[in-house]
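J.: okay, sequence plus prediction incoming.
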Amino acid sequence: MSNIYKRLDKIIPKIKEEKFIEGRGLGNEISFYVFDYEPEHELVVRDYILHIKKEFSHENSNRKVIEFDLYKMMIEIAKEKGIFERVFQMEEKQGKDALFKAMRNFTKPDIFLSKIDEQMEDHNVVLITGVGKVYPFVRSHNILNNLQEVLDKTPVILFFPGEYDGASLQLFSKFKDDNYYRAFRLVD
C-alpha cells in the first residue's frame, strides 16, 4: 500500500508549482489532471483530500481549493428537485432500469456544471471527487468534456478510482468510461 502514499505525497508539491496554476505547456492546454488510483485505496484518498484542503486553507495561501463531490451534488440536486424520497420508491416498485432512466434526467452534465459555476467564487484549484459513487448515473468523461466551458483556466484534479492512461478512463479498472485525451496524469 506504500505506493499510494508515495503518489499522494506528490500532489501538494504539484499544486504549489506555478506552472500548475498558469497552465501547462506551450500549446496553452487546459489544466485538467487525473489522479487515478486503485479503488481499494478510496478511503486513503478521501483522507488525503482532506489533508490537501487543510494545507491550502490558511489565509495567506495563494491557492484557494474547492472540492466538488459528484455524489453529494447528485443528492443535493435530487433534494432540490423534490425527488430524493421518490427515487427509493421508484427503484423498489419499478426496478433499476426505471430508476436509471429517471436519474439520467437530472444528472446531466450541464446541471452539475451550473452548480460548479455558481460556487467557484475566488477558488483557483478544483478537486472533483465522488466519481465511483455516482457511476453509472454520472460519467466522468462527460463532466470533463463539458467542464472546460465553465473552468477555462482553472486547474482541475479529477480523483479517479480506476486507470487513466492519458487516452481513456477505465473506472474500477473494469468499465471503460470513454476516451478522454485532454487531461494529464497528475502523478505517475
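T.: Received, thanks. Numbering: from 1, shown residues only.

J.: in this protein, what residue sits furthest out from the centroid?
T.: Lys93 (31.7 Å; CA atoms, centre = their mean).

J.: secondary structure element for that residue, which one?
T.: According to DSSP states H and E, Lys93 maps onto helix 84-94.

J.: what's that helix packed up against?
T.: helix 70-80, helix 96-106 (3 or more CB pairs under 8 Å, 6 or more residues apart in numbering; DSSP states H and E). Just so you know, the C-beta spots here come from the backbone N, C-alpha and C atoms, and that holds for glycine as well.

J.: and the strand ranked longest in the chain, which strands flank it?
T.: Under DSSP state E, the strand in the chain containing the largest number of residues is strand 156-164. If you go by DSSP bridges, strand 156-164 pairs up with strand 32-37 (parallel), strand 125-129 (parallel), strand 168-171 (antiparallel).

J.: so which of these is nearest Lys108?
T.: strand 125-129 (16.2 Å; CB to CB).

J.: confidence-wise, which helix or strand of the protein is lowest on average?
T.: Using mean pLDDT, DSSP states H and E, strand 175-179 stands out as the lowest-scoring helix or strand of the chain, at a mean of 61.

J.: so which other helices or strands are in contact with the longest helix belonging to the chain?
T.: The longest helix of the chain (DSSP state H) is helix 42-55. Taking 3+ CB pairs under 8 Å, 6+ apart as contact, the helices and strands that helix 42-55 lies on are helix 2-8, helix 11-16, strand 65-69, strand 125-129, strand 156-164.
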